[in-house]
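> no sequence for this one, just the structure:
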């Protein structure tokens, strides 16, 4: 197997792109990444996307985007794993390059959500859950997370306000990210007074739906320096699964898929949680931040929230998370999110994170979660 | 619309029929054909008692399509007496009265409707468990029947006793 590196990155701002279609967003990110790598052609294109069929009546994204981007003829397919689609596309691209089947590969995450609104988007997002036994009962994605958060508070004795720092930290970091959707800080008082969505989850626990696209170009590490001075090596990327429905889990408060994919990634890279300098986690809701920190080994069970309360997650903390705003404040274009996380970790390792630069970041990790934890992709990147 | 899709799962939705693993005895709901504990094929149908307690709960204010007219409604994870967790709505109760650990029992209610002229989908919900001495024994022994809506726009919410002998 060949060693693989990221040689180019690109992203569009996350937000409500009324003037841009899905294909235009994807092309914008792809073009930026190809320019960043200095390439004019790739061998293959893997597109991570969750809801194009449901929200824009468009499937067959591989051929669509390849053609629109002037790459007609190349291998191109869509990869779907709910909100984990972005990083899942990276995994497919990684396998293509590592296996030797392809040399230059583009991996895109793209989502166009604002062409629909209200109950249509709510219904579409619920497709990540079990259609027959969760969604049919009227469960929404936010209410599934609310069930987890209430039980977590009940079992471990936390108060609602103990989760505030996840959101405050994300917003503080988004201020300095020109690609972020919400570039405004929030306070603990604002968090406490935020509008309830599905108790105990309020508006400021929740990431916003949005449009966006992000892209990386992969190449064998052996030739990476021909394209860039700042290659970022993919030390590990691992996917694991868990039950689709929360009620089928052995313990709903433990992300077994998250733990499994993190363990596989640590083993593949030969490192542990203590070696990670930056961690982009999947903060779709504040409870998911806590569960992800625990599953990835940064905190014992029931102690993930403690890291936020103690300030361990900010840029100078023990484990900086959501350093460019996270899903909460950068925004959560669901199928694109995993690729934004990869681009942001790469920015940190390339020392391109501006005011949010984590000093001496050598190893960065991203954990992209599909559904309420049924697909989890953990990626470890290294500055070389 | 997709009549067969709903028809396939009527036993589960009307009667909480799950499975029992012939190897390890584990009760399984929803049915999944392979025991999640021992991996043995589990196709022995078993009806659950419908008794359980609230594991966690929340309230939906922004509903998916087909559920808008029911908001706000309480959703929950219910730990069934036989072991499995089930995702379901709570009914006949105010949010302020719900607590983790509250005993509940299954009833059959309208889950969703597919538009003005579409199907009504019935299924299980859970309500606070009635005190045992208030329970009419003959009601509990009645077989389950699928209630039919009388006419379009009229949606009776029958309170059928789910507990089977």
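That came in fine, so what should we check first? As the structure is a computational prediction, the values presented were derived from the model and not from experiment.
> Is it correct that residue A:326 is in contact with residue A:172?
No: contact criterion C-beta atoms under 8 Å: residue A:326 and residue A:172 do not qualify, at 10.6 Å. (C-beta placed from N, C-alpha, C; glycine too.)
> Could you check which of these two is surrounded by more residues?
For residue A:326 versus residue A:172, neighbours defined as other C-beta atoms under 10 Å in any protein chain shown are more numerous around residue A:326 (32 against 19).
> What residues does residue A:345 make contact with?
A:232, A:278, A:280, A:364, A:365, A:366, A:379, A:381 (C-beta atoms under 8 Å, 6 or more residues apart in numbering or on different chains).
> mind running it again at 10 Å?
A:6, A:9, A:232, A:277-280, A:323-324, A:353, A:361, A:363-366, A:379-381 (C-beta atoms under 10 Å, 6 or more residues apart in numbering or on different chains).
> Narrow those residues to those in strands?
Among those, DSSP state E puts A:6, A:9, A:232, A:278-280, A:363-366, A:379-381 in strands.
> What parts of the stretch 1-150 of chain A come near chain B?
A:118-127, A:129-150 (C-beta under 10 Å from any C-beta of the partner chain).
> According to the record, where do the domains of chain A fall?
Chain A breaks down into these domains under automatic domain parsing: A:4-117+A:210-232, A:128-208+A:235-383.
> scratch that, chain B
B:1-48, B:49-143.
> from the middle of its chain, how far away would the strand or helix carrying residue A:346 be?
Here residue A:346 sits within helix A:334-349, counting by DSSP states H and E. On the basis of C-alpha atoms, centre = their mean, to the nearest Å, helix A:334-349 is displaced by 6 Å from the centre of the chain it belongs to.
> Make CSV from the domains of chain B and add distance to residue A:261, mean neighbour count and mean pLDDT to it.
Formatted as CSV, these follow (distance: least, C-beta to C-beta, whole Å; neighbours: other C-beta atoms under 10 Å in any protein chain shown; pLDDT from 0 to 100):
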stretch, distance to residue A:261, mean neighbour count, mean pLDDT
domain B:1-48, 19, 16, 92
domain B:49-143, 23, 17, 89
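> Please state the backbone phi and psi of residue B:111?
Taking degrees, to the nearest 10, you get phi -90, psi -50 for the backbone angles of residue B:111.
> Can you name the residues that contact the residue most central in space within chain B?
Chain B has residue B:124 as the residue nearest its centroid, 2.0 Å off, counting by C-alpha atoms, centre = their mean. Going by C-beta under 10 Å, 6+ apart, residue B:124 touches A:137, B:12-16, B:48, B:50, B:78, B:86, B:88-89, B:91, B:106-109, B:111, B:162.
> Remind me which helix or strand it belongs to.
strand B:120-128.
> same thing with residue B:78?
strand B:73-80.
> Now do that strand: which elements does it pack against?
Helices and strands touching strand B:73-80, as assessed by 3 or more C-beta pairs under 10 Å, 6 or more residues apart in numbering or on different chains; DSSP states H and E, comprise helix A:141-156, strand B:51-60, strand B:85-90, strand B:103-113, strand B:120-128.
> follow-up on the earlier one: buried among the residues of the stretch 1-150 of chain A next to chain B? Make that a PyMOL selection.
Buried residues among these (16 or more other C-beta atoms under 10 Å in any protein chain shown), as a PyMOL selection:
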select buried, chain A and resi 119+121+122+123+124+125+126+127+129+130+132+133+134+135+136+137+138+139+140+141+142+143+144+145+146+147+148+149+150
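> on that earlier part again, would you tell me which of the helices and strands packed on strand B:73-80 gets closest to residue A:162?
helix A:141-156 (8.1 Å; C-beta to C-beta).
> Output the contacting helices and strands for that closest one.
Using 3+ C-beta pairs under 10 Å, 6+ apart: helix A:141-156 touches helix A:119-125, strand A:196-198, strand A:201-202, helix A:286-295, helix A:304-309, strand B:51-60, strand B:73-80, strand B:85-90.
> tell me the average confidence for it?
Throughout helix A:141-156, pLDDT has a mean value of 98.
> Compute the inter-axis angle for that helix and strand B:85-90.
Helix A:141-156 runs at 110 degrees relative to strand B:85-90, counting by axes from the mean of the first three to the mean of the last three C-alpha atoms, to 10 degrees.
> The residue nearest the centre of chain A - nearest residue in space that isn't next to it in sequence?
Nearest residue to the geometric centre of chain A (C-alpha atoms, centre = their mean): residue A:338, 2.9 Å. Leaving aside its sequence neighbours, residue A:338 sits nearest to residue A:86 (C-beta to C-beta, 6 or more residues apart in numbering or on different chains; 2.6 Å).
> Surely the one you found touches residue A:334?
Yes: here residue A:86 reaches residue A:334: they are 8.5 Å apart, a contact under C-beta atoms under 10 Å.
> anything in contact with each of these two?
By C-beta under 10 Å, 6+ apart, the residues touching both residue A:86 and residue A:334 are A:48, A:49, A:50, A:109, A:111, A:370.
> Filter those down to the ones in strands?
A:48, A:109, A:111, A:370.
> nearest spatial neighbour of residue A:13, skipping sequence neighbours?
Nearest non-adjacent residue to residue A:13 (C-beta to C-beta, 6+ apart): residue A:179, at 4.8 Å.
> what number of residues lie near the one you found?
Residue A:179: 21 neighbours (other C-beta under 10 Å).
> looking at this, it is in a helix?
No: counting by DSSP: H, G, I helix; E, B strand; the rest coil, residue A:179 falls outside a helix, being coil.
> pretty sure it is touching residue A:212, no?
Yes: at 8.1 Å, residue A:179 counts as touching residue A:212 under the criterion of C-beta under 10 Å.
> which neighbours do these two share?
In contact with both residue A:179 and residue A:212: A:11, A:12, A:13, A:14, A:15, A:330, A:331, A:340, using C-beta under 10 Å, 6+ apart.
> Top of the residues you listed by number of neighbours, please.
residue A:330 (35 neighbours).
> and it, what does it touch?
Per C-beta under 10 Å, 6+ apart, neighbours of residue A:330: A:11, A:13-15, A:170-171, A:173-174, A:177, A:179-183, A:207-208, A:210, A:212, A:280, A:283, A:322-324, A:337, A:340-341, A:344.
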